[in-house]
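Asks: what would the 3D arrangement of this be:
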Amino acid sequence: MGYSPTQDDAGSLANTDMAYRNAYGATEGGPADGTVSKLWLPIWSGEVLHAYDSYKLFEPMVTSKTLESGRTMEFPITGTVTLKPEWRAGEYLHGGEDAKNGNFAVSLDGRPMAAHFELDNIDLMITQWEYRQELARQAGQTLANARDKQIGVMIAGAGSVPKLDSDPRTGITLPEVGQLTAYTDDAPAAAQALELLEHIEAFITDCQENSVPMSNAYCAVTPKMFQQIRRLGVATSTGNAENMQPMFGGVAAAGGLGAPFTNGLAGMDEKLVYMGVTICKTNHIPKTNYDASNIGASKYNVHGDDSLLEALIWMPECVASVRKTGLVVDTEDDIRRNTTFTVASMLSGTGILKPELAKVIVQKKTDPADNDTRGNVASLLVSGDLTSNNDAVRAHFGYDDV
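Replies: Numbers count the residues shown, from 1 in each chain. This is a model prediction of the structure:
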């Protein structure tokens with residue numbers, strides 16, 4: 001810009017002399033009217049979006065759409081085609097009760113989510129890329145983490161809600177809840193890892209029995225469970241050290257699963273594949289009580305700790321994610337606090353589309369019957385006990401009649 005900021009007597013850049021944050025005239029390459037410039041904001045917003053895309057996990061794994069205008073997107077649902085096994089001459093074909101159409105409306109949440117921070121020297125963000133990049137990374141990660149938690153809740157909802165009374169599709173069955181043997185200290189062992197793989201196989205079978213084409217299927221687990229799956233077949237004592245064959249060690253004789261153990265798969269973006277299902281690790285499975293730590297609209301406030309939720313298995317069509325185009329960023333000097341307040345916000349929403357494409361995995365409660373059915377798990381998620389009926393569960397997740 002051909003502009004050189006001056007320094008004060010102490011040798012530091014004077015805040016009032018920074019062209020990127022203060023009013024400037026035409027001789028300095030800016031508007032002639034001397035309006036305030038925030039030229040750094042578009043650059044920073046791009047860096048935040050890049051960080052958001054780098055950290056998000058669930059959004060690309062569900063049906064994701066962008067809204068350029070409006071607040072609601074509709075997804076059609078079509079009834080089963082009716083068959084006339086023997087069509088006689090002159091016989092009139094009726095549409096039938098099954099041949100009716102409806103739609104699911106997925107709307108943006110009522111309010112946006114915002115990542116914000118306050119600085120006493122905004123010039124560091126403007127002049128030092130390392131400083132600005134770190135704040136952009138933190139802002140993007142904060143938004144991505146919150147969005148992952150929201151979508152994770154809706155996948156859990158899809159895996160537990162009952163079928164709609166008005167669903168025009170006949171013959172559709174919903175996957176049953178998968179249970180793992182209880183364990184302590186939140187530390188699963190090889191036995192639970194093998195049970196989880198068995199539940200993945202059961203989900204594949206459920207999809208086949210529903211005549212659902214298997215496209216991209218996913219399983220989200222905790223990092224501890226991921227590590228247990230990764231090390232299946234590794235010797236755990238001298239007694240079983242002989243003739244052990246790692247399942248996910250990239251050994252051809254064991255199916256070529258995983259990768260050689262020289263590769264630690266330590267990053268949060270690392271994945272395994274078992275029978276076509278991508279297994280990913282995340283800290284955002286709704287295992288905790290979001291009702292006590294709000295993560296958005298009321299439909300996201302679930303009691304994950306009461307349901308003992310441990311893993312999610314799903315296909316992208318089970319849940320829809322909608323997001324308003326772009327990211328809103330702004331900054332303002334607060335003269336009363338002698339600081340600069342900066343905000344990055346985004347508006348998004350989620351909704352359940354096809355619950356037959358989602359399955360929840362829970363750890364058995366003291367009485368396994370308390371969380372062995374979809375209805376019980378859904379009630380535990382919504383209210384923390386077994387008092388919520390089907391209507392209350394569907395209303396909580398916004399899964400309304402079509």
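Asks: residue 136 contacts residue 48, doesn't it?
Replies: Yes: contact criterion C-beta atoms under 8 Å: residue 136 and residue 48 qualify, at 4.8 Å. For glycine as for every other residue, the C-beta is placed from the backbone atoms N, C-alpha and C.
Asks: for stretch 211-230, C-alpha coordinates in CSV please.
Replies: Taking Å, rounded to 0.1, in the frame of the first residue of the first chain, the C-alpha atoms of stretch 211-230 are listed here in CSV:
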residue,chain,number,x,y,z
SER,A,211,-32.6,-53.5,0.1
VAL,A,212,-30.5,-50.4,0.8
PRO,A,213,-27.5,-50.0,-1.5
MET,A,214,-24.4,-49.8,0.5
SER,A,215,-22.5,-46.7,-0.4
ASN,A,216,-20.3,-44.9,2.1
ALA,A,217,-20.8,-46.3,5.6
TYR,A,218,-19.1,-45.0,8.6
CYS,A,219,-18.5,-46.0,12.2
ALA,A,220,-17.4,-43.3,14.8
VAL,A,221,-15.6,-44.5,17.9
THR,A,222,-13.6,-43.0,20.7
PRO,A,223,-9.8,-42.8,20.4
LYS,A,224,-9.5,-45.6,23.0
MET,A,225,-11.8,-47.9,21.1
PHE,A,226,-10.0,-47.1,17.8
GLN,A,227,-6.7,-48.1,19.4
GLN,A,228,-8.2,-51.4,20.6
ILE,A,229,-9.5,-52.2,17.1
ARG,A,230,-6.1,-51.2,15.7
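Asks: which parts of that stretch are buried?
Replies: Applying a neighbour-count criterion of 16 or more other C-beta atoms under 10 Å, one finds 212, 217-222, 224-230 buried in stretch 211-230.
Asks: adding pLDDT, secondary structure and distance to residue 286, write the residues you listed out as JSON lines.
Replies: Listed next are these as JSON lines, based on pLDDT from 0 to 100; DSSP: H, G, I helix; E, B strand; the rest coil; distance: C-beta to C-beta, whole Å:
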{"residue": "212", "pLDDT": "84", "secondary structure": "coil", "distance to residue 286": "24"}
{"residue": "217", "pLDDT": "95", "secondary structure": "strand", "distance to residue 286": "20"}
{"residue": "218", "pLDDT": "97", "secondary structure": "strand", "distance to residue 286": "16"}
{"residue": "219", "pLDDT": "97", "secondary structure": "strand", "distance to residue 286": "15"}
{"residue": "220", "pLDDT": "97", "secondary structure": "strand", "distance to residue 286": "10"}
{"residue": "221", "pLDDT": "97", "secondary structure": "strand", "distance to residue 286": "13"}
{"residue": "222", "pLDDT": "95", "secondary structure": "coil", "distance to residue 286": "12"}
{"residue": "224", "pLDDT": "94", "secondary structure": "helix", "distance to residue 286": "16"}
{"residue": "225", "pLDDT": "95", "secondary structure": "helix", "distance to residue 286": "15"}
{"residue": "226", "pLDDT": "95", "secondary structure": "helix", "distance to residue 286": "17"}
{"residue": "227", "pLDDT": "93", "secondary structure": "helix", "distance to residue 286": "21"}
{"residue": "228", "pLDDT": "93", "secondary structure": "helix", "distance to residue 286": "20"}
{"residue": "229", "pLDDT": "93", "secondary structure": "helix", "distance to residue 286": "20"}
{"residue": "230", "pLDDT": "91", "secondary structure": "helix", "distance to residue 286": "23"}
